[in-house]
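Asks: Sequence and predicted structure are below.
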Amino acid sequence: MSALAAVALGATSPGFAGAVQARTAPGAPLVNFGVRTPAPLAVRGGVVAIELDPPSRRPGDTRRIEWPDEVPVTLSTGERLQASLGVVSRGLPRAERSWTLPAEDLEVRSPSVFLAAFDETGIGVDAALVALVETPADFAGTIEVGAVRVAPAWIDPEPAVAPEVVEARGVLRLTSGTPDLPDARSPGEYWRWVLLAQELDMTCEAPPFAAPAALLARHRAELWQAGLERVRRGSPSVAKELRELLTSRVSDPQAQGAPRLIAAWIAGAEELASLLAILLDRQRNDEATMRAALGWMESRSPLTVWLESDAGASITLVAANPLPVEAVVRCAWLEAPAEVPVALLIPPHGVARTRIERPIERVAVVPGQPRGEPLERWRGGLTLRLESGRWRGRLVVGPGIFSVRPPGLGFAAFVPPLSLASAQSQRIEPDPTPWRTTASIRKLARRWELFIECLRPEPVAGDQVIVTVGDPAGTPARFSVNEQGAITMLSGGAMGGLAAHAGRYADRWRVRVELPDSWIPEAELGSSERLLFVGLERQPGAGRSRQTAGLPVPAWSPPAPICTDLGAWIDMPAPAGR
């Protein structure tokens, strides 16, 4: 079984059971499929997912591959059904990145749609071909797929709810766009909607996808519900705590604008896969399953921690606590063990943030030597040690100051908004190359300027870059510039001397923004540093998420500023006249 199939289908038994023959229409050629899961896990009376092994193309065969969208199956009761075939693959990078974007964004398409879109010559390791069978209520027999008999490993379902109770509860509708709800566009996240509806004492609407995606969504939801039911039979309190960790939402009263709810549930694909494997392990009884789930919960931190700002002398740390009790995080610099640790108290089901000063100087620790040599202040990366109960973690913090030297300081490619999964894994995927954004700061002809390059496949309305210049603790200047070079002052600062020179091309636009001399700081007495804070964000138009330079932050947070030192620039002497 492929790793992707294990994530999509739950823990199933690998193995080859024979061949399946199917035809798309009378007179069409037969297609032979191998069966990879002769004993798939399934909930009694629910959807069965059987991973198939598609036929490989013979050398020299250039004919287009055609697979049917359905195959006939026969239940052990004699009833004949049609199983939907689906190709499960990882979704392409999203144009819009939400806080609850799943770590493993699954896409499920019928073979005809998949092959038409990608003209594949076969299915590789990052995709799986699955037959999805919707079985009758209480069915728990075998299934014949072609000439192969599949014997699912049946699991008892969650107890049914009386129809009158279902009607009284109300229905949770799947919607997108808010940071406290699961992603409604991913079939792989439908199970979380089902659990969330139960937490809200509601029922969840049917998955709003076409077959086979709707069937796979239901299959995953049934597995999660059945696994949690096993824990509930062992301990209702442990099952309740586990459900809360899978659907937890917390309040952030200090967020921009009105207080908001944001998701703080377990988002990592590997963590979820390991938990589901525990819940569905048929080698354990209900009591052992409950204890294994409890051990799994105790072995990890429920907290989600990320940086909101890292420029200059301090950082701003944010932590979300999904627990019903207060949590404390102890924060200390790994490179400065003599510094007094900072304790961050996080309220139940809440968010807290704190400002942590960087060490006065970073000391380079050399093994085997009593002490290291001091380095320039805040110009090197640091590591923040985090402790909460028995959990230990680390957070890598970038330099607080970046020196600007000839020919200029280039910022890394802009990043999309931070997601919950990215915050928990400390990894973030950049935007696709056709929409990459880069920028640099430099001095040209005695004027400081920003050089910005925005890639795009074609011109789009509303594509612009918003620039913030100045100390965020004061009143920084903020303006926008588009690919025509038009500048709009948004707040703060005098516009005198601000100018833009734009160039437009087939796949990108570039702009040089000359900064007013009045915005450039002078060196302080006794220091050569000239610290200039710069914030950069690109808004690529409707339907695409913003991108920011430097630190990735959630979509509702303002872009994190970058602290640059202009005092490190050395002007080159003018060339001697001839």
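Replies: Perfect, I can see it now.

Asks: alpha carbons only for contacts and neighbour counts from here, please
Replies: Fine.

Asks: what pLDDT does the residue nearest to Ala221 when sequence neighbours are not counted get?
Replies: Excluding its sequence neighbours, the residue lying closest to Ala221 (CA to CA, 6 or more residues apart in numbering) is Trp191, at 3.9 Å. At Trp191, the model reports a pLDDT of 97.

Asks: How many residues are close by Trp191?
Replies: Neighbour count of Trp191, defined by other CA atoms under 10 Å: 22.

Asks: doesn't Leu228 make contact with it?
Replies: No. Trp191 is not in contact with Leu228 according to CA atoms under 8 Å; the separation is 11.8 Å.

Asks: which SS class is the residue nearest to Ala221?
Replies: Three-state call for Trp191 (DSSP: H, G, I helix; E, B strand; the rest coil): helix.

Asks: Contacts only, for it.
Replies: Ala217, Arg218, Arg220, Ala221, Glu222, Trp224 (CA atoms under 8 Å, 6 or more residues apart in numbering).

Asks: Report the buried residues of the strand or helix carrying the fourth one.
Replies: Assessed by DSSP states H and E, Ala221 sits inside helix 213-234. By neighbour count, and taking 16 or more other CA atoms under 10 Å as the criterion, the buried residues in helix 213-234 are 213-232, 234.

Asks: Same question for stretch 478-497.
Replies: Arg478, Phe479, Ser480, Val481, Asn482, Glu483, Gly485, Ile487, Met489, Gly493, Met495.

Asks: residue contacts, the closest residue to the fifth one other than its chain neighbours?
Replies: If I follow you right, that is Asn482. What sits nearest to Asn482 in space, not counting adjacent residues and going by CA to CA, 6+ apart, is Gln464, at 4.4 Å. Contacts for Gln464 (CA under 8 Å, 6+ apart) come out as Ser480, Val481, Asn482, Glu483, Arg538, Gln539, Pro540, Gly541.

Asks: Give me the phi and psi angles of Gln464.
Replies: phi -160, psi 160 (degrees, to the nearest 10).

Asks: Which residues does the helix or strand containing Leu345 contact?
Replies: For Leu345, the host element (DSSP H and E) is strand 342-346. Contacts with strand 342-346, where a contact means CA under 8 Å, 6+ apart, come from 319-321, 326-332, 352-354, 356.

Asks: can you put those residues in TSV and add neighbour count?
Replies: Shown next, in TSV, are the contacts of strand 342-346 (neighbours: other CA atoms under 10 Å):
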residue	neighbour count
Ala319	22
Ala320	27
Asn321	28
Glu326	13
Ala327	21
Val328	16
Val329	21
Arg330	16
Cys331	21
Ala332	21
Ala352	18
Arg353	19
Thr354	16
Ile356	19
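
Asks: Closest to Trp519 out of those?
Replies: Nearest to Trp519, judged by CA to CA, of those is Ile356 at 27.5 Å.

Asks: could you give the angle of the host helix or strand of the closest one to strand 342-346?
Replies: Using DSSP H and E, Ile356 falls within strand 350-357. Counting by axes from the mean of the first three to the mean of the last three CA atoms, to 10 degrees, strand 350-357 lies at 160 degrees to strand 342-346.

Asks: which residues make contact with strand 350-357 from outside it?
Replies: 250-253, 313-322, 342, 344-346.

Asks: Filter these down to the ones in strands?
Replies: Among the contacts of strand 350-357, the ones falling in strands (DSSP state E) are 250-252, 314-321, 342, 344-346.
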